[in-house]
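>>> have a look; sequence and predicted model below, questions after that.
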Amino acid sequence: MGKGQRATQVYRSTEFIEQRRDEDGLVLGGDPFKLAPSTSASLLESEKADKMNASAKTNPKANAIAKVHSADDSSGELESVPTFILVTTYLSYLMLIVFAHLRDFFGKLFYPEMYVQLREQNGFAPMVSDFESLWTRRLYGRIRDCFNRPITGVAGGHVNLLERVSFDFNRSFEFTGRVRNVLNLASYNYLGFAQSEGPCADKVEQAMRDSGITQASTRAEAGCSRLLVETEDMVARFVGAEAALIVSMGYATNALNIPALVSKGCLIISDELNHSSLVSGARLSGATIRVFRHNNVASLEEMLRHSIAQGQPRTHRPWKKILVVVEGLYSMEGELCKLPEIVELRRRYGFYLFVDEAHSIGALGKRGRGVCDHFNVDPREVDVLMGTFTKSFGAAGGYIAGSRALINHLRLKSHSAVYAEAMSVPVLAQVSSSMRMIMGEDREHALEGQQRLDQLAVNSRYFARRLAEMGFMTMGDPGSPVIPLLLFSPAKIPAFSRECLKRNIAVVVVSYPATPIITGRVRFCISASHTREDLDYALEQVSEIGDLLLLKFHKGNVDTERIARINADIDANNISV
């Protein structure tokens with residue numbers, strides 16, 4: 001084995017298979033999970049611990065990957081945007097909006113038949129007004145080709161993209177019949193469980209043969225399968241809670257359960273960048289909603305003190321309940337919530353804490369248990385733990401975990417439990433099999449789960465550091481599998497996506513209204529299924545695109561502060577990246 005390379009061992013039956021890694025801990029070549037054991041011998045937890053301890057004694061770097069998951073104390077706040085970029089971005093949007101209105105004005109004047117659907121007809125008001133649809137028709141319509149791209153096959157580390165073209169300025173598309181295999185940096189496949197083969201897929205297939213596709217009923221009626229009960233118990237053990245409730249849709253997990261927790265006379269204090277599902281749930285609840293500055297603990301405390309002192313509007317009666325709602329990992333920013341500080345406020349002010357771990361569960365922490373694991377916070381300090389199975393587990397739906405009294409209340413009061421269809425058995429099989437693998441309870445694949453966690457942790461830090469060294473302006477905390485790269489200008493947002501597609505890379509670009517108007521970005525989603533060659537190819541192509549579109553805002557003067565933060569995180573975990 002060459003200099004700068006080391007090997008990790010994967011247990012299969014009575015033999016060991018050696019996986020070649022470079023000095024950064026990245027698997028060299030091929031799919032990092034193709035060598036994963038299919039019929040390995042049973043390993044008890046104590047046996048695995050003994051093997052890891054022995055390896056650490058013989059090789060000082062052997063525990064490097066295991067330590068990569070520890071918490072970082074530094075902040076992930078966005079640096080100041082240069083004035084020139086700020087001004088040109090606003091001017092670009094202003095010009096787009098002005099020309100959009102001009103096109104509408106002259107279009108209605110000379111081609112009125114094209115605007116019939118925007119005018120009152122036979123006494124019926126238009127379903128969508130011309131002003132409300134202006135953004136969609138005139139701005140989004142120009143870049144429709146960058147979104148809703150159809151795929152075929154498994155959305156793993158690579159994905160097959162159906163090529164399409166438009167001959168009417170993105171109003172419609174036609175398939176060319178060609179299929180392109182592209183590097184997938186767009187999907188939330190954090191641990192690489194989006195697979196059509198392997199142990200999880202085998203269990204899903206067996207579940208379909210045994211139980212079919214669906215129970216065609218709610219959980220409260222005829223949809224409560226044995227696997228559903230077992231998986232709920234497993235989820236509770238996984239996150240460290242007394243009980244859990246599984247919901248068949250991730251968005252509904254927030255939107256339909258928050259109204260069952262708070263109501264009129266209660267107060268919800270929400271981070272200003274919380275996900276739309278949290279916003280929907282808060283609005284449906286009827287509770288009073290107040291918003292604090294993103295990830296700003298001082299702003300949260302100030303709002304708590306004022307709200308408690310003043311009480312309810314007009315009457316000034318005490319609030320029935322106060323619920324603080326945050327996300328574990330903010331998916332548009334790649335930033336972690338400041339959980340230890342928020343938990344300290346909870347002890348001081350006595351509010352209920354709701355943490356959305358849609359993106360952090362399975363992807364953060366030494367054991368993949370999310371932000372509580374990452375920050376070493378007792379899960380019992382969080383009243384409501386929410387997460388989804390869509391990202392790290394390669395499945396669908398979500399869960400709410402907490403005290404048994406809380407979950408029993410939700411089973412009776414939440415519309416997601418009483419009216420929504422129960423999660424299908426094949427999806428439950430994917431959830432339970434992947435979770436067992438992460439927990440190390442699948443004796444036939446005892447090491448694979450931890451291997452995926454290790455690979456994701458190293459991949460994320462490697463990619464973030466390389467982008468910062470190239471001079472890009474990026475966001476997020478070290479170790480986050482979501483790495484946003486700022487594009488700013490509305491013209492550069494579709495240009496970046498199209499240039500990536502030319503180079504067979506699939507990415508997600510995001511702009512207003514999903515983000516603040518000046519911080520349009522591309523969001524890279526790193527996966528454990530990505531190899532060193534995958535990441536290096538992507539970095540090389542992104543660097544070329546950055547030069548082409550003038551995106552290296554730190555070129556010649558790299559963001560030393562961010563690099564220092566990543567290096568400090570790497571050094572603290574004894575990793576050479």
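Arrived safely, thanks for sending. Small disclaimer: the values here were computed from a predicted structure and weren't measured.
>>> how close does P259 get to L284?
Separation of P259 from L284 (Cβ to Cβ, to the nearest Å) stands at 5 Å. For every residue, glycine as well, the C-beta is placed using N, CA and C.
>>> check L191 too.
L191 sits 32 Å away from L284, going by Cβ to Cβ.
>>> between the two, which is the more surrounded one?
Each of L191 and L284 has its neighbours counted (other Cβ atoms under 10 Å); L191 has more, 27 against 14.
>>> point to the residue nearest the middle of this structure.
Nearest to the mean C-alpha position of the chain, by Cα atoms, centre = their mean, lies H359 at 3.5 Å.
>>> surely it forms part of a helix?
No: read with DSSP: H, G, I helix; E, B strand; the rest coil, H359 is coil and lies in no helix.
>>> for it, which residues are in contact?
Y188, Y190, E327, G328, L329, Y330, S331, K391, P481, V482 (Cβ atoms under 8 Å, 6 or more residues apart in numbering).
>>> quick one: low-confidence residue ranges for the stretch 201-350 of the chain.
Within the stretch 201-350 of the chain, no stretch falls below the threshold (pLDDT under 70).
>>> do a quick rundown of the helices in it.
With DSSP state H, counting those that start in this stretch as the criterion, the stretch 201-350 of the chain has helices at 226-239, 250-255, 258-261, 276-285, 297-310, 339-349.
>>> go on, the stretch 401-550 of the chain?
All helices of the stretch 401-550 of the chain, identified by DSSP H, counting those that start in this stretch, fall at 404-413, 415-418, 425-439, 448-470, 492-502, 532-549.
>>> then the last one to CSV, C-alphas only?
The C-alpha atoms that make up helix 532-549 are tabulated as CSV, following Å, rounded to 0.1, in the frame of the first residue of the first chain:
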residue,chain,number,x,y,z
ARG,A,532,-12.7,10.4,-3.2
GLU,A,533,-12.7,10.4,-7.0
ASP,A,534,-16.3,11.6,-7.0
LEU,A,535,-15.5,14.6,-4.7
ASP,A,536,-12.3,15.5,-6.5
TYR,A,537,-14.0,15.5,-9.9
ALA,A,538,-16.8,17.7,-8.5
LEU,A,539,-14.4,20.1,-6.9
GLU,A,540,-12.3,20.4,-10.1
GLN,A,541,-15.4,21.2,-12.2
VAL,A,542,-16.9,23.6,-9.6
SER,A,543,-13.5,25.4,-9.6
GLU,A,544,-13.7,25.8,-13.4
ILE,A,545,-17.3,27.1,-13.2
GLY,A,546,-16.3,29.5,-10.4
ASP,A,547,-13.6,31.0,-12.6
LEU,A,548,-16.1,31.2,-15.5
LEU,A,549,-18.8,32.9,-13.5
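>>> pull out the buried positions in stretch 318-338.
Of all the residues in stretch 318-338, those buried under the rule 16 or more other Cβ atoms under 10 Å are 319, 322-338.
>>> what's the span of that stretch, first residue to last?
The straight-line separation of the ends of stretch 318-338 (Cα to Cα, to the nearest Å) is 27 Å.
>>> same check, this time on stretch 132-147
Start-to-end span of stretch 132-147 (Cα to Cα) is 21 Å.
>>> who's in contact with it?
Under Cβ under 8 Å, 6+ apart, the answer for stretch 132-147 is 96-97, 99-101, 103-104, 118, 164, 166, 169-171, 173, 490, 493-494, 497-498, 509, 513.
>>> may I see the PyMOL selection of the buried members of these?
Burial among the contacts of stretch 132-147 is assessed by 16+ other Cβ under 10 Å; the matching PyMOL selection reads:
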select buried, resi 96+100+104+118+164+173+490+493+494+497+509
